[in-house]
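Chemist: build me a structure from this.
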Amino acid sequence: MDHFSTVRLTAERLHDNHLADLVALHLDPEVSRYLGGVRPAEVTKTYLAVNMAHWDQHGFGLWVLRTKDGAFAGRAGIRHIPVDGIDEIEIAYTFKRELWGHGFASEIATALTEIGLSQLRLPSLIGLVAVGHGASRRVLEKSNYVLEKSTTHHGSDVVIHRIRR
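Modeler: Below is the predicted model:
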């Protein structure tokens, strides 16, 4: 599933040619506030390589998101991550700051959940969110994810919301 669309977004499988857009996204301090901080270009380059390898290994991963007019909007996906020593599969989404507050995160969370549970037939998905990131927590709750627990991930206090097939 290299491409998919929602009402207002198109998604394309992550590729090398997305590096410049991802670097710009990760250099925005507000966007990166709940993602572990601003990432220099070299860190984003490594991030891109790791996430492209995830596609090769699992057949799914991150997509770059564009608005219907073709403008870069952000990134989102479904990926394996270790949490508390357990291999979990999370949905993730990050948008350019000027797109915040317009329902794009809810739109993509709904699409990712459908893909993960119905098309990929995964038994469950999680959303891993910084405790203070209320907007992202509300997105997951609107998508029927249930608060499961609080934990620490990469030194940050987070909550895990889960949805099951």
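Chemist: now the residue of the chain positioned farthest from its centre: how far from Thr10?
Modeler: Ranked by distance from the centre of the chain (CA atoms, centre = their mean), the top residue is Asp69, with 21.4 Å. Taking CB to CB, to the nearest Å as the measure, Asp69 falls 10 Å from Thr10. Bear in mind the C-beta positions are built from the backbone N, C-alpha and C, glycine included.
Chemist: quick one: secondary structure of the nearest residue to His15 once chain neighbours are set aside?
Modeler: Counting by CB to CB, 6 or more residues apart in numbering, Met52 is the residue found nearest to His15 once chain neighbours are left out, at 7.1 Å. Following DSSP: H, G, I helix; E, B strand; the rest coil, Met52 is assigned to helix.
Chemist: same deal with Val7?
Modeler: coil.
Chemist: my read is that it contacts Ser106, right?
Modeler: No. Using CB atoms under 8 Å as the test, Val7 is too far from Ser106 to be in contact (11.1 Å).
Chemist: okay, the two: which has more neighbours?
Modeler: A direct count of neighbours by other CB atoms under 10 Å for Val7 and Ser106 places Ser106 higher, at 16 against 8.
Chemist: contact partners for Ala71?
Modeler: Neighbour list for Ala71: empty [criterion: CB atoms under 8 Å, 6 or more residues apart in numbering].
Chemist: per-residue pLDDT, it?
Modeler: Looking at Ala71, its pLDDT reads 96.
Chemist: repeat that for His80.
Modeler: Reported pLDDT for His80: 97.
Chemist: which element is it on?
Modeler: Element membership of His80, judged by DSSP states H and E, is strand 72-83.
Chemist: quick one, strands of the chain?
Modeler: Taking DSSP state E as the criterion, the chain carries its strands at 3-5, 9-13, 62-67, 72-83, 86-95, 124-130, 146-153, 156-164.
Chemist: quick one: distance of the first one to the chain centre.
Modeler: Taking the mean of its C-alpha atoms, strand 3-5 sits 15 Å from the chain's own mean (CA atoms, centre = their mean, to the nearest Å).
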